[in-house]
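J.: any chance you could fold what I've pasted below:
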Amino acid sequence: MSRSTLCYLVEHAFDLTAFHARDKNAHEGTPAFDPAVLLKIIVLAYSRGLASSRKIEAACREHVVFIAVSGDSQPHFTTLAAFVSELGDLAATLFAQVLVICDRQGLIGREMCALDGVKLPSRASKAKSGSRKDFQRQAEKMEQAARTMLHKPRGTDAAPQGASDVERTAKKLARLQKAARQRRDWLAKPPEERRGSRGGVQLSNRTDNESAKMATAKGVIQGYTGAAAVDETHQIIVEVQAHGTGSEQEGLMPVVEATATLRPPTTVMTADAGHHSEDNLKELAAQRVEAYICANGYRRRDARCAAQAHHQAKPDPLWDKRQKEPKPRRFGSADFRLADDGSHCTCPAGKRLYSNGSHCTFHGYAAMKFRGAERACVPCALRVQCLRTPEKTKTRQVAFFQGKREGYESHTDRMKAKIDTELGRQMMARRFATVEPACGNLRHNKRLDRFTLGGRAKVDGQGKLYGLTHNRVVP
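T.: Numbers count the residues shown, from 1 in each chain. A predicted model of the protein is given here:
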């Protein structure tokens, strides 16, 4: 983004009334730094890949473009950091104003909108994640260690302690008491465990409880999943959101609902397999949104990817794709023998499992369920090979599938048939060519490799500022 474009937009196109109302010192006072100047500095820095407030402060002293934009005001890094941290909903207002300008210039085509997500670390400590039981156990251990140090009899050491040893012990005791107190204070605040979309307990975090611990191709991170929706015509980012979850599925419908005012019913929404779920497809169908959501196994069903195994065998510079040592195999349903009359089945140990559901349905498939008896399963020598968690689970259950129920078709079945058509393959290719360049620009050119803030509202605002820098407009 050029300096002239940035200055014109901030001074003439943006409505900064809310900024001035928030930052003025008194009823008739003026802010110490003009919010328009701070906004120019931050947007210019983000467009050039600078996210650190200290580096931005240095640029305002040393870089001629930053000096010109800031009017040689040289704001302190704490002022810059506080300005970004306190933006909140104002960032969404700015982002919406940029979209209005883009739409006025005909840059938003509304024909196809592509979604994608990326997992990025944030200002949260991965080491401070856990469940409430974990924090409770840690606090008890620290309190016990502190009590042991306090009640330790004097003179029991082999050698007398010097002044430095006494001081070191006192500091260690203070650290233990402070850490235990921090955990107790945190346990007293959150009312309940965090719950995922399926009701499962999610790990909490004592530095940023809205963030999540997420597994990525390069390791486990503590942060947020950034979701972006990009219009196909000129690759304008029309929505940016941050979600404290490692699942992209939970971010699909919020983005679709946020873009509802921007797209007519004819707009096609596309997304990759990370956003695919039966619940999402059901909700899209209920809202009558035309969508192409890639399903699992799409590449394997595509004849054009028949030779992908050859390429997967090649060495990769990012991670090792060589075959890993297989994990010990557990008994599957194929290892159980179903009786001819369907009344029971026999396990590999020769024990009987009895029917506990002969007409069940799983995702449209008919099935028969069987369960073992405790008197046979608990003392069995093959428990480790049969049960995933033998220390917790008493008996084994197994199901025999008998095919799909007649007339049943799930939303997933319909979407698979839809994306496997020639038009569906074209939409998947168009999705890739639309959203990936925009995400690549933010991730590599703008150097958005992490969120420097904590808290979902702040991270969401920072993401929208980066999206604003991507949407270049001409005054």
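J.: residues near K351, how many?
T.: 16 (other C-beta atoms under 10 Å). (C-beta placed from N, C-alpha, C; glycine too.)
J.: so it is in contact with C380, correct?
T.: Yes - under the criterion of C-beta atoms under 8 Å, K351 makes contact with C380 at 6.9 Å.
J.: count of neighbours near T270?
T.: There are 28 residues near T270, going by other C-beta under 10 Å.
J.: same question, the one 4 residues further on
T.: By the other C-beta under 10 Å criterion, the neighbourhood of G274 contains 17 residues.
J.: which residue is the nearest non-sequential neighbour of it?
T.: Once flanking residues are discounted, G274 sits nearest to E248: 3.8 Å by C-beta to C-beta, 6 or more residues apart in numbering.
J.: helix/strand/coil for the residue nearest the centre of the chain?
T.: Central residue of the chain (C-alpha atoms, centre = their mean): T225, 2.5 Å from the mean position. When classified by DSSP: H, G, I helix; E, B strand; the rest coil, T225 comes out as strand.
J.: my read is that it contacts H243, right?
T.: Yes - taking contacts as C-beta under 8 Å, T225 lies within contact range of H243: 5.0 Å.
J.: between the two, which contacts overlap?
T.: Counting by C-beta atoms under 8 Å, 6 or more residues apart in numbering, the contacts common to T225 and H243 are G251.
J.: where along the stretch 1-150 of the chain do the strands fall?
T.: 112-121, 129-130 (DSSP state E, counting those that start in this stretch).
J.: starting from the shortest one, tell me which strands it pairs with and how they run.
T.: The one in question is strand 129-130. strand 204-205 (antiparallel) (DSSP bridges).
J.: and after the partner strand, which helix or strand comes next?
T.: strand 212-216 (DSSP states H and E).
J.: next, the buried residues of that following strand.
T.: Residues of strand 212-216 classed as buried: A212, K213, M214 (neighbour count, 16 or more other C-beta atoms under 10 Å).
J.: with distance to Y298 as extra columns, can I get those in JSON lines?
T.: JSON lines is the format used below for the buried residues of strand 212-216 (distance: C-beta to C-beta, whole Å):
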{"residue": "A212", "distance to Y298": "26"}
{"residue": "K213", "distance to Y298": "28"}
{"residue": "M214", "distance to Y298": "23"}
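J.: now those residues in a markdown table, with pLDDT and distance to K416?
T.: Listed next are these as a markdown table, based on pLDDT from 0 to 100; distance: C-beta to C-beta, whole Å:
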| residue | pLDDT | distance to K416 |
| --- | --- | --- |
| A212 | 89 | 29 |
| K213 | 89 | 32 |
| M214 | 90 | 27 |
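J.: how many neighbouring residues does the closest residue to P348 other than its chain neighbours have?
T.: Excluding the flanking residues, the one nearest P348 by C-beta to C-beta, 6+ apart is D335, at 5.2 Å. Neighbourhood size, D335 [other C-beta under 10 Å]: 14.
J.: so R425: helix, strand or coil?
T.: In three-state terms, and counting by three-state DSSP, R425 is helix.
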